[in-house]
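Colleague: Attaching a predicted model along with its sequence, questions to come.
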There are 2 protein chains.
Amino acid sequence: MKFDIMRDRLLDGLNNVMKAVSSKTTIPILTGIKIDVTNEGMTLTGSDADITIQTFIPVEENGDQLINISETGSIVLQARMFNEIVRKLPTNDVEIEVSNGLQTHIRSGKSEFHLIGSDASEYPLLPEVSTDQQFAMPADLLKAIIRETVFAVATSESRPVLTGVNWQINDNELICIATDSHRLARRKTSLEQLPTDVKSVVIPGKSLNELNKILDESTNPVEIVITSQQVLFKADNVLFFSRLLEGNYPETSRLIPEEYKTNITINGKSLLQAIDRASLLAREDRNNVVRFEAFDGNIVEISSNSPEIGKVEEQIQVETLEGENLKISFSAKYMMEALKAIDGQDVVIQFTGAMRPFILRSVHDDAILQLILPVRTY
Amino acid sequence: MKFDIMRDRLLDGLNNVMKAVSSKTTIPILTGIKIDVTNEGMTLTGSDADITIQTFIPVEENGDQLINISETGSIVLQARMFNEIVRKLPTNDVEIEVSNGLQTHIRSGKSEFHLIGSDASEYPLLPEVSTDQQFAMPADLLKAIIRETVFAVATSESRPVLTGVNWQINDNELICIATDSHRLARRKTSLEQLPTDVKSVVIPGKSLNELNKILDESTNPVEIVITSQQVLFKADNVLFFSRLLEGNYPETSRLIPEEYKTNITINGKSLLQAIDRASLLAREDRNNVVRFEAFDGNIVEISSNSPEIGKVEEQIQVETLEGENLKISFSAKYMMEALKAIDGQDVVIQFTGAMRPFILRSVHDDAILQLILPVRTY
């Protein structure tokens, strides 16, 4: 194998695939990045066995020569070291040559590195994914869906299936749900050409967070293929594979109340900032709980106290307040994350009493629903 | 005590004094910040017993009213909490009121915090510093002197006096020296009106690092007062006190060779980058050592190798090479830090053989001298 490549493009590619490489892997070859050079271009692959990311750099793009290939071939190079070397090379022209089997030479300017690679045939093969039932959505929509749901997955492994986001396909609707059993985030999206052979899968939250880092805020389509054990996201020159979580995702629709006793419309940003301030004095040993009281005159009061340090209270004028007055307590963290997912718009909050779950929605849009279980303090 | 203050100015002041507050202090009152309000303005004090920082916010500045005082007084508030509260207040107008002794109320917009303060009379008094022998230098010069020396102090406490920078006063010259016994940094500065009653003190490296963070890159004068146990830096509205280290600083001048066998002039930036690359493959268990070889044709070769991973070599064309050819090995970290202190200019490196200390200097300027002890590998 021998080729010249533009350093900037190689770094971009490494930035993507490095997101899949973990220093904690128990499979030694996965501490490496696989490089495959064909006459079409260079493919980089990184994996931690759960997530696999592959990126392709073509020989030529928009009339620019990105790679100059003298000899095709494959090698696996230690990921962290290779990435650091490329980052620090002195010129934008990098020559990579493999000789005598695994001896790899990296040359740039007057600098020359010699690394011992690993045999590419030892690197795990990519999962086979049939692409006959793929669907697509713009990258920015996919990022929004991830952002609005993934924060609510469980962080504890006591029920592994809750560490993922449940994607359900129902006619022309994709329904994404995450819950850690104390709160729930649900996002519905109408899409065309959804597959008919898959009804429900659970994608690890960690995979979706990594995918979100790789995708641009663009309207470029991301193609999605769901199989029984894997999901594949295809964006520009990047393939992102994730294994799916096994196990049945719990039925959550019965958690959502159907009738409400108190309806409040309030500016989401003002509420978020008031909760943020109140959380400074919320007792951390009690799950960071703040109090919320709605009373006559369209007033909501947010308060919290810590016996050792002090207390805080703040009143907010709400847009509308319908139904019964209310005193309720909840986790400041859950409320702030739910409000951030709704993103600064006016929100409707609907309560069914101090001990029942309540929901948040944007006034403009029914697509996102956030549900939070209160905490008993009164 | 009762006053209104502009939130931005209060935050600026807190940013300064918070640098002295440590969560690790064993003196409970020092987890707090002392607030003193007089008719002239507000003084904030933070301390970890080694460093004390005091900042003053005047009632009025350049015709702008910064503080509106209803009642003078003093209180100590828990530093981290007070800082976070001020940071998150909703408006730029903050009212602070102390009632019933220690009950402190912080109001901004519709938000109201109630904290329990501590008695200001329990806060340690500032050291008494007589100002009759003070001298001054521009803030940017003081920052440069700190940057060029402080990195070379010892990090281990086995010889406590080496964790500080030795400031010697010799007629009209301030000589600052730091060494961890493997390398040494020395900076000489000509100054007027240096004190005559102090010859040599040792300022803790940690204090100088914190001072560097507070000072602006400006030519505003910083006044310096050195006493037998304390040093005080006065800049704009900030007072920075540090205790001095006890013990005799070692005599270092005899370490610096007087004759050289190999003189090299080389571009500092090129050498720094080559060392940085070579250090990627330097064996970490051997103190990150790289090899340096100077030979005929004005060539220097930097190399390193790690038997498990690979090796690297790089040639650099030097400006001049006088004297004997040379093979020497040294810590990449020490060399990079020395080159950064000289800051990208052409440097002169003078060697007396592979096992003797060598020195680095800027070609333009004799003020900075960096000395490094080599490592035996040949």
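Modeller: All right, it came through fine.
Colleague: Can you report how many residues lie near A:R80?
Modeller: 14 (other C-beta atoms under 10 Å in any protein chain shown). (C-beta placed from N, C-alpha, C; glycine too.)
Colleague: what residues are up against it?
Modeller: A:21, A:23, A:31 (C-beta atoms under 8 Å, 6 or more residues apart in numbering or on different chains).
Colleague: How about A:F56?
Modeller: So A:F56 contacts A:41-44, A:237 (C-beta under 8 Å, 6+ apart).
Colleague: Mind picking the one among the contacts of A:R80 that's closest to chain B?
Modeller: Lowest distance from chain B to the contacts of A:R80 (C-beta to the nearest C-beta) belongs to A:T31, with 11.6 Å.
Colleague: Tell me how many other residues crowd that closest one.
Modeller: 19.
Colleague: Who are the contact partners of it?
Modeller: A:21, A:23, A:25, A:78-80.
Colleague: List only those of those residues flagged as buried.
Modeller: A:21, A:78-79 (16 or more other C-beta atoms under 10 Å in any protein chain shown).
Colleague: Neighbours of A:M355, how many?
Modeller: 11.
Colleague: Among the buried ones among the contacts of A:T31, which one lies nearest to A:E157?
Modeller: Of all the buried ones among the contacts of A:T31, A:E157 sits closest to A:V21, with 22.2 Å by C-beta to C-beta.
Colleague: List the contacts of that closest one.
Modeller: A:30-31, A:33, A:46-48, A:79-80.
Colleague: Go through these and flag which are in strands.
Modeller: If you go by DSSP state E, these have A:33, A:46-47 in strands.
Colleague: Please flag which of the contacts of A:T31 sit within helices.
Modeller: A:79-80 (DSSP state H).
Colleague: Turn the contacts of A:T31 into TSV, including pLDDT.
Modeller: Converted to TSV, these look like this (pLDDT from 0 to 100):
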residue	pLDDT
A:V21	96
A:S23	85
A:T25	87
A:Q78	95
A:A79	96
A:R80	94
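Colleague: Tell me how far the residue nearest to the spatial centre of chain A lies from chain B.
Modeller: Geometric centre of chain A, nearest residue: A:N209, 2.3 Å, by C-alpha atoms, centre = their mean. Per C-beta to the nearest C-beta, to the nearest Å, A:N209 is found 27 Å from chain B.
Colleague: what does the stretch 1-150 of chain A put close to chain B?
Modeller: A:78, A:81, A:84-85, A:88-90, A:104, A:110-116 (C-beta under 8 Å from any C-beta of the partner chain).
Colleague: Among those residues, name the buried ones.
Modeller: Among the residues of the stretch 1-150 of chain A next to chain B, those buried by neighbour count (16+ other C-beta under 10 Å) are A:78, A:81, A:84-85, A:88-89, A:104, A:110-116.
Colleague: ok so, going back, for the contacts of A:F56, which one is nearest B:A120?
Modeller: A:L44 (61.8 Å).
Colleague: My understanding was that the closest one contacts A:T55; is that so?
Modeller: Yes - using C-beta atoms under 8 Å, A:L44 is in contact with A:T55, at 5.2 Å.
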